[in-house]
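Visitor: pasting a predicted model and its sequence here:
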Amino acid sequence: MGRHRKQSPATIKRSSVIALTGLVPAGLVAVAASAGTIDPTASSVLQHIPEDERDDRAAIPAVAAEPAAIENVAHAMAKQSPSAPPIVKTVALPDDRQPAALPPGPLGIPGVAVAAYQNAERTLAAENPVCGMPWYLLAGIGRVESTHAFGGKADADGNPLTPIHGPVLDGSLAGNHVIRDTDGGALDGLSGYDRAIGPMQFLPETWKRYAADGNSDGIADPQNLFDAALTAGRYLCDGGLNMRDLTQQTKAILRYNNSMAYVANVMAWAGSYASGIAPKPGDLPRI
């Protein structure tokens, strides 16, 4: 499940957050047909008031608030209240940012990506323990979708140094879906048609439904690794699925891309990140 044609949003500094192998097992094909909602993103895309009080003394004229002021207040409120829904948007950032300097994880996976996936694992363990989402399954998705933001080309806050977008879904690329615009260009920067966005390659409509704030800054930005990893986890866990069960895990991955070859690739990389042993070429069928 990889700027804007609308006016550029105000630059907002994001809060820093530090932080199974083999071929597809038997039985996976049987669950392919029973997969839930499909988000045609990623590899299929690259190659988801209280009542007014009355003042009996005098009427006080209303003063319209500036849009920027309203957004700043909403952002501040979101940061103060853990239960407040995050603001769904992409954040304009300067071009001179430096890549994160965190040490790499298993098989050279970028450290900032590992931090994002493990942060999502911890968050999901607390809010949805039934799901049992492991960080390495999210890493498997991230590897197939964008090679972890193109090899970890992201700053310490998890923001890609260059925005990540998939191809325009206008039917011009063979094998891709045609998906009309659903966000007015607010997230993917396009009008007319949609395209997948961010390191976990979400479609705008799917992002708006599952958007999560992975670094507690009050914003759910599909370009941010921490936000995208947590959102991907929520998307995969939706409907009470349990990632400890192979059949349910397969059903969840098929939501991302309705392809058993895709499932095989994700599971192979997930198992490799868990074990530290690189997948064999035969474990990675062409998607």
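Guide: That came through fine. A quick note: this is a predicted structure, and the numbers were derived from the prediction, not measured.
Visitor: what residues sit buried inside stretch 123-130?
Guide: By 16 or more other Cβ atoms under 10 Å, the buried positions in stretch 123-130 come out as 123-124, 128. (Glycine included, C-beta is placed from N, CA and C.)
Visitor: what about these, which are in helices?
Guide: 123-124 (DSSP state H).
Visitor: ok, so of the buried residues of stretch 123-130, who is nearest Q201?
Guide: The shortest approach to Q201 among these belongs to L124, at 19.3 Å (Cβ to Cβ).
Visitor: ok, the closest one touching R234?
Guide: Yes. With contact defined as Cβ atoms under 8 Å, L124 and R234 form a contacting pair (7.3 Å).
Visitor: closest to the centroid, which residue in the chain?
Guide: When the chain is reduced to its mean C-alpha position, the nearest residue by Cα atoms, centre = their mean turns out to be A228, at 2.5 Å.
Visitor: the helix or strand containing it: how far from the chain's middle?
Guide: Here A228 sits within helix 225-237, counting by DSSP states H and E. The chain centroid and the centroid of helix 225-237 are separated by 5 Å under Cα atoms, centre = their mean, to the nearest Å.
Visitor: what's the angle from the helix or strand following that helix to helix 225-237?
Guide: Where DSSP H and E defines the elements, the next helix or strand beyond helix 225-237 is helix 246-256. Comparing the axes of helix 246-256 and helix 225-237 via axes from the mean of the first three to the mean of the last three Cα atoms, to 10 degrees yields an angle of 120 degrees.
Visitor: average pLDDT across the helix or strand that helix 246-256 is followed by?
Guide: From helix 246-256 onward toward the C-terminus, using DSSP H and E, the following helix or strand is helix 260-275. Averaged across helix 260-275, the pLDDT comes to 98.
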